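In: generate a structure from the sequence data that follows.
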Amino acid sequence: MTGEALTARALDILASLVAFDTTSRLSNLALVDWVEAYLAVHGVAARRVPNADGSKSNLLATVGPAVPGGVVLSGHTDVVPVDGQAWSSDPFTVAERDGRLYGRGTCDMKGFLALALAVVPDLTAAEPRVPVHLAFSYDEEVGCLGAPDMIEVIARELPRPALVVVGEPTRMEAVIGHKGIATYKVTVEGKEAHSSQPHLGVSAIMAAVPLMAQLAALAERLDREADPASPFTPKGATLTIGQVNGGTAPNILARRCEFYFDLRYPAGLDPDGVLAPVVAAVAALDVQLKARAPQAGARIVRRSAAPPLAPERDGPAEAFARRMAGDNGPPRVVAFAAEAGQFQGAGFSTVICGPGSIDQAHQPDEYVELSQMQRGGEFMARLAAWAGGAA
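Out: Numbers count the residues shown, from 1 in each chain. Have a look, this model is predicted:
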């Protein structure tokens, strides 16, 4: 099948995938059911790798023979929330306007999933000599939580794939590096009292402010100390506080304050080392607060951690993606985190290459350009031809 025909099929699939609200706080099982049924129609069996309570699942499927040397096409099924965003159309219905396909996840990253599914009939018809594995994960958007269990199954049970393509939005250009991410929650407990009598209580918010100030100062230091030769934008590690919750009324000392922050860092930087002074400050604050009120205290918890993708110069995954995409550009890296570093950590040569731009991800009126889906269709058509003729 031509890239044009494959793209047309992918657009139909994309409409079906976007219709499932797979915001990370929700289950993705309805989408998984749909994908399983689609694959079954084409004679492809799928395997679930669920989370602990069975409310979500990764999905793993193989098209082709059980031999080493194939390629993994990896992507996540979850999307970020639309809450509070001003959309011009229903975010869970694909709308085409001016050469763009609008909808939550069209760019990040159901467009790639649709292309990977659209090539399945071509792969089965080509009777491939090497396998193409589909690896769809859950909860990438909240810390790449689902992929590790699936990667473990791939490494332990499948004939060794030669490489992995993670289809995050890169405008169908090969990307060989991304930053890692570590996310944290800090909780400060206080003791309620009238705000006119602060000596009788402990304001959790007032106690949390110095910690947040310390993080802000650390963020500024990381920016100052960034390697000017770094290929990333921003060049160094970045630290941001993304959410703060606390207090019940302006005239009550806050019983609780909690805030969330993330550290995004390039390969070679130890997040535990960077944050050691913050962890120590939380521990010291915990002692101080408990001395003022037994119920008070402070704690920090790491919520998630995903490693960076270290650039692998002239690696087989990069060479493959460039060949399939017709990409002759310079080496590229991206500042966002992805599951690619987890695949690399398991020993797989890994590259990121998918339709759309990260500039459109997580936004109201998220979109992927139709031209990007067309380039993705050509990529997948070449992949089918490669798998059918591979030695």
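
In: which residue ranges of the protein form helices?
Out: Counting by DSSP state H, the chain has these helices, from start to end: 3-18, 29-41, 111-118, 120-126, 147-157, 204-224, 271-292, 316-325, 340-345, 370-389.

In: pull the distance from the last one to the chain's centre.
Out: Looking back up the chat, that one is helix 370-389. In terms of Cα atoms, centre = their mean, to the nearest Å, the centre of helix 370-389 is set 23 Å apart from its chain centre.

In: counting by contacts, list what it packs against.
Out: helix 3-18, strand 100-102, helix 111-118, helix 120-126, helix 316-325 (3 or more Cβ pairs under 8 Å, 6 or more residues apart in numbering; DSSP states H and E). (Glycine included, C-beta is placed from N, CA and C.)

In: what does the fourth one give?
Out: Under the contact definition 3+ Cβ pairs under 8 Å, 6+ apart, helix 120-126 sits against strand 57-63, helix 370-389.

In: show me where pLDDT drops low in the stretch 1-150 of the chain?
Out: By pLDDT under 70, the low-scoring segments of the stretch 1-150 of the chain are 1.

In: give me that answer again for 90
Out: 1-3 (pLDDT under 90).

In: now render the helices and strands packed on helix 120-126 as JSON lines, adding mean neighbour count.
Out: Shown next, in JSON lines, are the helices and strands packed on helix 120-126 (neighbours: other Cβ atoms under 10 Å):
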{"stretch": "strand 57-63", "mean neighbour count": "24"}
{"stretch": "helix 370-389", "mean neighbour count": "21"}
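
In: got the ones you listed as a markdown table, with distance to residue 217 columns?
Out: As requested, these are exported to a markdown table (distance: least, Cβ to Cβ, whole Å):
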| stretch | distance to residue 217 |
| --- | --- |
| strand 57-63 | 39 |
| helix 370-389 | 40 |
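
In: just the helices and strands packed on helix 370-389: most buried one?
Out: Comparing those by mean neighbour count (mean count of other Cβ atoms under 10 Å), helix 111-118 ranks first with a mean of 30.

In: tell me the angle it makes with strand 57-63.
Out: 40 degrees (axes from the mean of the first three to the mean of the last three Cα atoms, to 10 degrees).

In: tell me, what residue is most central in the chain?
Out: Taking Cα atoms, centre = their mean, the centroid of the chain lies closest to residue 140, which sits 3.9 Å from it.

In: just for the stretch 201-350 of the chain, where's the confidence low?
Out: Ranges of the stretch 201-350 of the chain meeting pLDDT under 90: 313-314.

In: 50 - rerun?
Out: The model of the stretch 201-350 of the chain has no residue with pLDDT under 50.

In: follow-up on the earlier one: dump the helices of the chain to JSON lines, plus distance to residue 352.
Out: Rendered in JSON lines, the data for the helices of the chain read as follows (distance: least, Cβ to Cβ, whole Å):
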{"stretch": "helix 3-18", "distance to residue 352": "19"}
{"stretch": "helix 29-41", "distance to residue 352": "22"}
{"stretch": "helix 111-118", "distance to residue 352": "10"}
{"stretch": "helix 120-126", "distance to residue 352": "22"}
{"stretch": "helix 147-157", "distance to residue 352": "13"}
{"stretch": "helix 204-224", "distance to residue 352": "24"}
{"stretch": "helix 271-292", "distance to residue 352": "21"}
{"stretch": "helix 316-325", "distance to residue 352": "8"}
{"stretch": "helix 340-345", "distance to residue 352": "5"}
{"stretch": "helix 370-389", "distance to residue 352": "13"}
